[in-house]
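In: After the sequence you'll find the predicted model.
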Amino acid sequence: MRTQLTKLFALAFLVIMSNSCVDTKRPSYSEGSEGRLLLGATVHLGNGEVLENAALAVKDGLVSLLAESASVKLDLSKFQVDRLGSEYHIYPFKKTELGNSGIVLVRADAKPFNITIPYNELEKSIAIGQEAALLICRGSITDITKFKVEYVVDGNDKVKILEQSDYKMIGN
């Protein structure tokens with residue numbers, strides 16, 4: 001009886017110790033956090049400047065952080081993190097009337113909308129405090145064969161893109 005009791009206590013001790021060794025710290029996102037963090041992409045500011053391997057945060061629909069290096073010391077547990085890589089590019093966009101230029105994006109949750117990417121314009125650039133209107137793309141607009149819009153950050157919304165039309169650069 002005593003050996004069974006000793007084995008039971010030893011088993012309980014092992015269960016308690018193994019549970020205490022498990023890392024239960026999981027990053028969580030809540031509306032009270034620092035928002036969405038886009039990490040590691042090339043950010044095209046819209047005024048001709050480019051930031052490589054950048055960190056860009058959006059909170060309450062506005063750009064709240066823009067850092068040239070994704071290696072900036074940030075507490076990632078405070079953000080909803082989208083880890084991107086060097087093949088990703090972020091562009092500002094503006095919605096336009098349907099026409100013969102720009103990109104027509106087919107959204108998973110709503111009707112299509114037409115957008116253009118500003119080229120060397122200050123009118124719609126990415127800056128802290130400005131409304132988030134961001135295209136998150138695989139590939140650069142400079143090589144249309146590899147350019148694909150993955151999703152859009154429009155204010156607080158992250159919208160998955162199902163399909164896109166061809167793009168014709170305006171302002172060149």
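Out: That came in fine, so what should we check first?
In: Check the burial of Val43 by counting its neighbours.
Out: Counted with other C-beta atoms under 10 Å, the neighbours of Val43 add up to 26. Placement of C-beta: from N, CA and C, glycine included.
In: Ignore what I typed, I meant Ile128.
Out: Neighbours around Ile128, by other C-beta under 10 Å: 11.
In: Excluding chain neighbours, give the residue nearest to Ser64 in space.
Out: Leaving aside its sequence neighbours, Ser64 sits nearest to Ala57 (C-beta to C-beta, 6 or more residues apart in numbering; 4.8 Å).
In: my bad, should have said Ser165
Out: Val104 (4.1 Å).
In: Which strands or helices does the strand or helix carrying the one you found pack on?
Out: Assigned by DSSP states H and E, Val104 belongs to strand 103-107. When contacts are defined as 3 or more C-beta pairs under 8 Å, 6 or more residues apart in numbering; DSSP states H and E, strand 103-107 packs onto strand 113-116, strand 148-154, strand 157-164.
In: Can you name the residues bridging to the residue nearest to Ser165?
Out: Asn114 (DSSP bridges).
In: got the contact list for the spatially closest residue to Lys148 that is not a sequence neighbour?
Out: Counting by C-beta to C-beta, 6+ apart, Arg138 is the residue found nearest to Lys148 once chain neighbours are left out, at 4.9 Å. By C-beta atoms under 8 Å, 6 or more residues apart in numbering, Arg138 lies in contact with 87-89, 146-148, 150.
In: Quickly, which of the helices and strands packed on strand 103-107 bottoms out on average pLDDT?
Out: Of all these, strand 113-116 carries the lowest average pLDDT, namely a mean of 76.
In: Which elements pack onto it?
Out: Counting by 3+ C-beta pairs under 8 Å, 6+ apart, strand 113-116 packs on strand 94-96, strand 103-107.
In: In JSON lines, list those strands along with distance to Asp157 and mean pLDDT.
Out: Below are those laid out as JSON lines (distance: least, C-beta to C-beta, whole Å; pLDDT from 0 to 100):
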{"stretch": "strand 94-96", "distance to Asp157": "13", "mean pLDDT": "79"}
{"stretch": "strand 103-107", "distance to Asp157": "10", "mean pLDDT": "73"}
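In: Which one, of those strands, ends up nearest to Ile128?
Out: strand 94-96 (18.3 Å; C-beta to C-beta).
In: Tell me the helices and strands packed up against that closest one.
Out: Partner elements for strand 94-96 (3+ C-beta pairs under 8 Å, 6+ apart): strand 113-116.
In: After the strand it packs on, which helix or strand is next? Please name it.
Out: Counting by DSSP H and E, what follows strand 113-116 is strand 133-138.
In: what is the mean pLDDT for that following strand?
Out: Averaging pLDDT along strand 133-138 gives 92.
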